[in-house]
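Enquirer: show me how the following folds:
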Amino acid sequence: MTDIEAEVPSASLASRLLDALRTSTGAVPYMVSFAALLLLWHVVSTYLIQSILFPPPLAVFVQLAKLIEDGTLIDNIAASLKRILSGFVLGAIISIPIGLAIGSFRIARKLIEPWTEFLRFVPATAMITTAVIWFGIGEGSKIFLIAYATVFIIILNTAAGVSSIAPNKIRAARALGANDGQIFFLVTLPATIPFILTGMRLAMANSFVTIVAAEMVAANDGLGVMIWNGRMFMLINDIFAALLTLGALGFCADRLFRIGIYRYARRYSPVT
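Expert: Predicted coordinates for the structure are as follows:
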C-alpha cells in the first residue's frame, strides 16, 4: 500500500471523528440546559414550596417509569400523536395550495385573504364546542380542530414566501424562455419551501396546544385526558408526567423541523 492510499482512509476516519465530536458538542448545551432546569425544579419543590401540589422531579420520573411500564403512557401518547399527525397533515394539504394562490394571484388574494384574516383570530379552543356539535366526540372533531389550528399559520407563511420572491427572478426566468408552469415549479415553489417549513414548524406548536384542550373536553384517551383525570382525582404526579411528555414530544418535533429546514431548504435561504 502506498503512502497516499494509507492517508486516504486515515483522513476519512479523522473526518468522521470530527463530525461525531461536533455533533456531540452541539448536544452539550441542550443537556446542560435541561440539567439546570431539573436542578431548579428540585430546589424550588424541595426547599421553597414544599407542597404536594408541586412534586419534585424524582417523584415525577418514578411515576413516569410506572406509566411507561404498564403501557398507560404509551397508549395515550399514541392516541394524541395519531390525532396530531392526522389533523396536521390535513391542514398542510389544505393550506399550502391556498397560500401559494394568495401569494401568486391578485384575484385569489382579494377573494381569500379577508376570510383568512377573519378566521385566524378565532382560536381553535373557541371552536371545540362547535366541533363536537358538528363531528361528535369521536376522532373527527379532534382532527378538525388540529387542522383548523394549523391551516392559517401555514397559509400566511406560504403567501409571505411567494410575495418575497424578487421580481427580477421571475423576469429572468421568462427571459430565458420559461413558461408559467416552469416558473412555478422551478422558481416560485423552491423559493417558498423554507417559508412553508417554517410555517409548519410554528403550526405544530398550535397542534399540541389544541389537542390537549380538545381531549380534555371530548376524548377517552390521550395526554389531555391524563391531565384531566389527574385534576379530577388529584393525581399530581400523573399531571406532571403528562406535561413532561408533551414538552419532550414538542421539543423533538421542533428539532425535526429545524433539521429539515437546514438540510433540505438551506440553499433557498430559509427563515429560522
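Enquirer: grab the most central residue of this structure for me.
Expert: The geometric centre of the chain, computed from its C-alpha atoms, lies nearest to M204 (Cα atoms, centre = their mean), at 3.0 Å.
Enquirer: what helix or strand is that one on?
Expert: Assigned by DSSP states H and E, M204 belongs to helix 189-217.
Enquirer: any idea how far that helix is from the chain center?
Expert: Distance of helix 189-217 from the chain centroid (Cα atoms, centre = their mean, to the nearest Å) equals 5 Å.
Enquirer: quick one: buried residues of that helix?
Expert: Using 16 or more other Cβ atoms under 10 Å as the test for burial, helix 189-217 gives 191-204, 206-208, 210-217. (Glycine included, C-beta is placed from N, CA and C.)
Enquirer: return the list of helices and strands in contact with it.
Expert: The elements that helix 189-217 packs onto, with contact taken as 3 or more Cβ pairs under 8 Å, 6 or more residues apart in numbering; DSSP states H and E, are helix 72-104, helix 128-135, helix 139-163, helix 223-232, helix 236-264.
Enquirer: can you tell me which of those is most buried?
Expert: helix 139-163 (a mean of 24; mean count of other Cβ atoms under 10 Å).
Enquirer: next secondary structure after that helix?
Expert: Next along from helix 139-163, by DSSP H and E: helix 167-175.
Enquirer: could you list the buried residues of that next one?
Expert: Those would be A173, for helix 167-175 by 16+ other Cβ under 10 Å.
Enquirer: next structured bit after that helix?
Expert: Note on helix 167-175: by DSSP H and E, the next helix or strand toward the C-terminus is helix 180-183.
Enquirer: what comes into contact with that following helix?
Expert: Helix 180-183 is contacted from outside by I170, A173, R174, using Cβ atoms under 8 Å, 6 or more residues apart in numbering.
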